[in-house]
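Novice: turn this into a structure:
(one chain, ligands or ions: 1)
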Amino acid sequence: MTHSLPALPYAFDALEPYIDAQTMQIHHDKHHQAYVDNLNKALTGTPAADKTLEQLMANISSLPAAVRNNGGGHYNHSLFWTLLGTGGGQPSGALADAINSAFGSLDGLKEKMSTAGATRFGSGWAWLIVKDGKLEVTSTPNQDNPLMDVAEVKGAPILGIDVWEHAYYLKYQNRRPEYLSQIWNVINWKKVEELYNTAK
Ligand code: MN
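Specialist: Take a look at the predicted model:
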């Protein structure tokens with residue numbers, strides 16, 4: 001299969017002022033497009049060419065680094081765009097209950113995710129995952145994710161925050177913790193809830 005760049009489900013400036021339009025445009029049109037192009041290049045003519053992205057993640061240890069980096073990049077960003085939005089709001093229902101029981105409160109979860117993102121050295125992602133039916137916070141380096149067989153902590157990602165500098169540098173420069181505190185204003189909790197209900 002040929003992998004392709006999904007359209008951004010909102011305008012580039014939809015997440016202003018928390019995430020600026022120029023960052024969104026470069027991030028989606030240039031960075032994500034490059035992961036897609038390089039993934040297709042790495043897979044062409046190989047037995048992994050007909051695998052789905054999820055199948056690639058599950059067997060990533062047996063695949064070349066280019067598939068790990070660009071396949072992870074494609075998976076992570078495709079998910080990330082859907083996790084952001086302008087609806088605002090709060091987690092509700094079973095997800096809200098699970099957050100309260102695992103982290104004490106929504107603020108407890110935010111703090112744990114922000115710490116995971118701020119302490120990930122270099123580039124990577126902070127994740128909220130469902131593991132054995134329970135919520136857990138983890139982080140991965142580079143474009144790895146918790147679906148990969150090489151991940152230290154494996155599970156189903158229901159929320160991921162990109163902490164690569166390309167995700168925030170134009171607006172926040174070196175202030176990653178500030179980006180991590182502001183991104184909560186544009187989390188699409190309906191999507192997180194949908195993923196939680198599927199994963200648990
Ligand atoms: Mn990114």
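Novice: which bits of this structure sit near the ion?
Specialist: Taking C-beta under 5 Å from the ion as the contact definition, the chain meets the ion at D162, W164, A167. Bear in mind the C-beta positions are built from the backbone N, C-alpha and C, glycine included.
Novice: burial count for the nearest residue in space to the second one that is not next to it in sequence?
Specialist: Distance criterion C-beta to C-beta, 6 or more residues apart in numbering; nearest residue to W164, sequence neighbours excluded, is S123 at 4.4 Å. Residues contacting S123 under the criterion other C-beta atoms under 10 Å number 14.
Novice: what of G108?
Specialist: By the criterion of other C-beta under 10 Å, G108 has 14 neighbours.
Novice: now swap in the one 5 residues further on and tell me
Specialist: Applying other C-beta under 10 Å, we find 24 other residues in the vicinity of M113.
Novice: on that earlier part again, how much space between the residue nearest to W164 and M24?
Specialist: In this structure, S123 lies at 18 Å from M24, with C-beta to C-beta, to the nearest Å as the measure.
Novice: tell me where the protein has helices.
Specialist: 21-25, 33-43, 53-58, 65-83, 93-103, 106-118, 169-172, 176-182, 189-199 (DSSP state H).
Novice: from the middle of its chain, how far away would the third one be?
Specialist: Going by C-alpha atoms, centre = their mean, to the nearest Å, the spacing between the C-alpha centre of helix 53-58 and its chain's C-alpha centre is 15 Å.
Novice: repeat that for the fourth one.
Specialist: Mean-position distance between helix 65-83 and its chain equals 8 Å (C-alpha atoms, centre = their mean).
Novice: that helix packs against which elements?
Specialist: helix 33-43, helix 53-58, strand 156-162, helix 189-199 (3 or more C-beta pairs under 8 Å, 6 or more residues apart in numbering; DSSP states H and E).
Novice: strand partners (parallel or antiparallel) of the third one?
Specialist: Okay, so that is strand 156-162. Based on DSSP bridges, the strands next to strand 156-162 in the sheet, each with its direction, are strand 124-131 (antiparallel).
Novice: by how many degrees do the strand it pairs with and helix 93-103 diverge?
Specialist: If you take axes from the mean of the first three to the mean of the last three C-alpha atoms, to 10 degrees, strand 124-131 sits at 110 degrees to helix 93-103.
Novice: strand 124-131 relative to helix 189-199, how many degrees between them?
Specialist: For strand 124-131 against helix 189-199, the angle between stretch directions is 50 degrees (the same axes, to 10 degrees).
Novice: stretch 67-84: which residues count as buried?
Specialist: Of the residues in stretch 67-84, those buried under the neighbour-count criterion (16 or more other C-beta atoms under 10 Å) are 67-81, 83-84.
Novice: ok, V130 - contacts?
Specialist: The neighbourhood of V130, defined by C-beta atoms under 8 Å, 6 or more residues apart in numbering, consists of E136, G155, A156, I158, Y196, A199, K200.
Novice: what's the neighbour count on the last one?
Specialist: Same thing as K200. Around K200 there are 15 other residues, counting by other C-beta under 10 Å.
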